[in-house]
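Enquirer: I'd like to go over a predicted model; first the sequence, then the structure.
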Amino acid sequence: MKKIDYKNELNPAQLEAVESIDGSYLVIAGAGSGKTRVLVHRVAHLVEKGVKPDEILLLTFTRRAAEEMLRRATLLLDERCSRVSGGTFHSFANATLRRHARVLGLSSSFSILDESDAEDTINLIRTQLGFNKTEKRFPRKRAILEVISKSINKSEKLEDVLYDEYPQFLEFGDEIKKIRAEYRKYKAAKSLLDYDDLLVYLKNLLSDHEDVRFYLSRKYKYIMVDEYQDTNKLQAQITCLLAAVHKNIMVVGDDAQSIYSFRGANFRNIMDFPRLFKNTKVITLEENYRSTQAILNLTNEVIGRAKEKFEKNLYTRKKGGEQPVFIDADDENAQSRYIADKILELREEGVDLKDMAVLFRSGWHSNDLEVELAGRNIPFVKYGGQKFVEAAHIKDIISYLRIVYNVSDQVSWLRALLLIPGIGPKSAEKIINSLAIDKNKAGQGGIIKNRDELNKLFEILKQIDPIQQGPAKIIEKFLEYYQPLLKHKYDDFHKRINDLDSLLRISSRYKSLEQFLTDMALEPPERSIFEAGLKDKGDSSLTLSTIHSAKGLEWHTVFLIYVAEGHLPSYLSLEDEESIEEERRLFYVAATRAKENLFLLKPHIDRSPRSFMDGGGTVFTQLSRFLDEGGIMDKFVLALAYK
């Protein structure tokens with residue numbers, strides 16, 4: 001039988017975690033410290049010590065993570081590890097509820113609504129209650145479901161979720177509560193559960209039925225939970241209830257990487273774990289296998305200033321490494337040009353594109369960079385947000401410009417017309433047909449309900465001279481017209497405004513509408529990216545990613561952009577200390593993705609203090625507080641300027 005040499009395969013802190021069996025343990029796993037390795041070896045160690053595989057429960061956040069850990073444990077020891085109970089909170093809840101459904105008055109054959117089904121159900125109820133016919137535009141199905149879901153996952157009152165995250169819907173609070181009540185009745189009557197119900201019902205099963213709780217706690221004698229800093233309040237309660245009898249529980253995570261509060265993750269879960277389990281032993285993994293010491297010196301200093309934390313100081317045995325570099329770029333486009341230049345330089349030095357990433361706080365931060373990269377034929381893939389030119393609201397504005405450039409562009413006319421309330425596909429088709437004869441007559445003859453909006457569009461078109469006016473001036477005219485349509489069409493219109501700011505700024509670099517439209521089309525983006533990739537077979541794509549989507553990943557070289565107050569940290573967090581602390585953790589997560597090179601950039605000039613809706617303008621940016629406190633820049637970062 002295979003015997004594992006744990007002492008040679010693990011460092012002392014990892015070994016301590018793996019060999020800790022009975023009792024409660026909190027493993028604080030610093031970035032790049034081998035967290036997964038610990039979980040894999042601990043599963044193998046428990047089985048090797050004689051614990052029955054089905055008495056071990058491993059809870060993770062994705063099915064793939066659980067499957068991969070158990071696969072690795074099986075390779076490490078033997079096939080017994082494959083019989084360990086592993087999966088997500090939701091899959092565990094589903095299996096448990098089906099076995100104990102009668103206790104809760106549920107049918108064991110309940111159906112699960114996926115997100116799309118849940119949205120459609122909400123829409124059905126919304127329509128039945130007549131809320132689709134209100135004078136003011138009522139929230140759409142997805143937004144309503146998001147509000148209800150966040151209220152459950154955060155264990156907060158619905159009105160508090162509205163106030164904090166959806167203030168534009170505050171006036172509909174009573175109506176959304178009615179929808180929630182009817183939604184619950186509908187699901188109960190038809191034996192349906194959505195994703196949130198799985199957790200709610202499991203928590204109720206464990207807390208209200210002692211016999212079931214004791215049965216499950218005796219069945220699963222050893223419990224492990226991965227990424228504990230990402231659990232919401234319900235998941236933490238479930239974890240504690242499952243360990244009620246034996247208290248043999250190990251949770252693994254990193255308080256410094258708790259960045260998903262917007263999904264309901266609760267930072268307090270990991271901080272309060274030792275208080276809930278009185279004799280908890282905290283084991284800290286500090287040896288980092290990813291980054292150079294120069295990068296770790298910076299990240300240790302930044303996270304060391306957190307208001308509340310578990311103390312740790314990451315170190316590495318890796319030798320050498322360049323100091324992190326800060327670039328104060330002249331403006332947004334200079335920031336983009338520096339990155340493109342540096343990427344091409346590193347590529348010549350032998351660093352593959354796939355080993356480089358550009359990270360950012362918000363999806364719109366990369367808008368200018370995407371245009372720059374496409375212009376240089378540098379292939380990229382973007383995660384955590386739609387590609388800039390593919391976003392619906394950007395396509396809306398582009399459709400107006402294409403009409404200006406070519407009044408016979410029927411595809412663009414169709415998109416522009418369908419934006420107008422009261423115009424459907426049939427009406428739009430009639431208008432487009434009449435345009436072929438005389439566009440000035442298109443709004444006449446009772447074809448549509450909303451002739452005023454159509455006439456406004458025609459008036460703007462008459463005022464525009466594409467030869468005398470550059471793309472930016474033309475866009476400014478359309479943005480004023482488009483603003484109410486944006487609010488009408490998109491529940492999250494406030495999140496889309498920054499993209500429109502970016503479009504306006506990018507357009508200001510062009511004199512020719514034709515050239516602007518050509519570059520925006522990129523013939524189209526997917527094709528030019530694909531072709532750029534073909535030019536150097538064997539090379540791959542640069543990664544563009546939000547910080548949230550980059551967690552758990554690593555690259556040789558990382559560029560972190562918009563390291564400025566109002567961007568990182570986000571201006572939305574500036575009035576709230578807890579939010580600022582999460583922004584600090586976001587910075588930490590981003591910086592610790594880098595193995596060898598870390599570049600921190602900000603545009604010296606920000607040409608859109610908030611948005612075109614506020615009048616726009618030009619301001620000088622302020623360095624992010626995470627680099628500006630306590631002389632961090634002077635000690636740990638090499639600062640450069642770039643025009």
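Expert: Okay, I see it.

Enquirer: Low-confidence ranges, this protein, go.
Expert: Across the chain, residues meeting the criterion (pLDDT under 70) sit at 1, 134-136, 385-387, 436-450, 518, 521-539, 607-617.

Enquirer: Have a look at it and report its longest helix.
Expert: As assigned by DSSP state H, the longest helix anywhere in the chain is helix 471-489.

Enquirer: now that helix: how far from the chain's centre is it?
Expert: From the chain centre to the centre of helix 471-489 is a distance of 27 Å (CA atoms, centre = their mean, to the nearest Å).

Enquirer: Just the buried residues of that helix, please?
Expert: With burial defined by 16 or more other CB atoms under 10 Å, the residues of helix 471-489 counted as buried are P471, A472, I474, I475, K477, F478, L479, Y482, L485, L486, K489. Glycine gets a C-beta too; all of them are placed from N, C-alpha and C.

Enquirer: what do you get for stretch 170-180?
Expert: Neighbour counts over stretch 170-180 (16+ other CB under 10 Å) mark F172, G173, E175, I176, I179, R180 as buried.

Enquirer: Save these as TSV, and put in secondary structure and distance to G50 too.
Expert: As requested, the buried residues of stretch 170-180 are exported to TSV (DSSP: H, G, I helix; E, B strand; the rest coil; distance: CB to CB, whole Å):
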residue	secondary structure	distance to G50
F172	helix	58
G173	helix	56
E175	helix	58
I176	helix	53
I179	helix	53
R180	helix	49
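
Enquirer: how many neighbours does E159 have?
Expert: Applying other CB atoms under 10 Å, we find 15 other residues in the vicinity of E159.

Enquirer: wait, doesn't it sit right on D174?
Expert: No - checked against CB atoms under 8 Å, the pair E159 and D174 is beyond contact range at 9.5 Å.

Enquirer: My read is that L544 contacts L369, right?
Expert: Yes - the pair L544 and L369 passes the contact test of CB under 8 Å, sitting 7.1 Å apart.

Enquirer: hey, what's in contact with both of those two?
Expert: Contact criterion CB atoms under 8 Å, 6 or more residues apart in numbering; residues shared by L544 and L369: V358.

Enquirer: Same question for stretch 240-254: list its buried residues.
Expert: Buried residues in stretch 240-254, defined by neighbour count with 16+ other CB under 10 Å: 240-244, 246-254.

Enquirer: Need the distance between the two termini of it.
Expert: Here the two ends of stretch 240-254 are set 18 Å apart, with distance taken as CA to CA, to the nearest Å.

Enquirer: Can you tell me the SS state at L544?
Expert: strand (DSSP: H, G, I helix; E, B strand; the rest coil).

Enquirer: what number of residues lie near it?
Expert: For L544, the neighbour count with other CB under 10 Å is 27.

Enquirer: And for it, nearest residue in space, chain neighbours not counted?
Expert: Leaving aside its sequence neighbours, L544 sits nearest to K382 (CB to CB, 6 or more residues apart in numbering; 4.3 Å).

Enquirer: Also A13?
Expert: What sits nearest to A13 in space, not counting adjacent residues and going by CB to CB, 6+ apart, is L285, at 5.0 Å.
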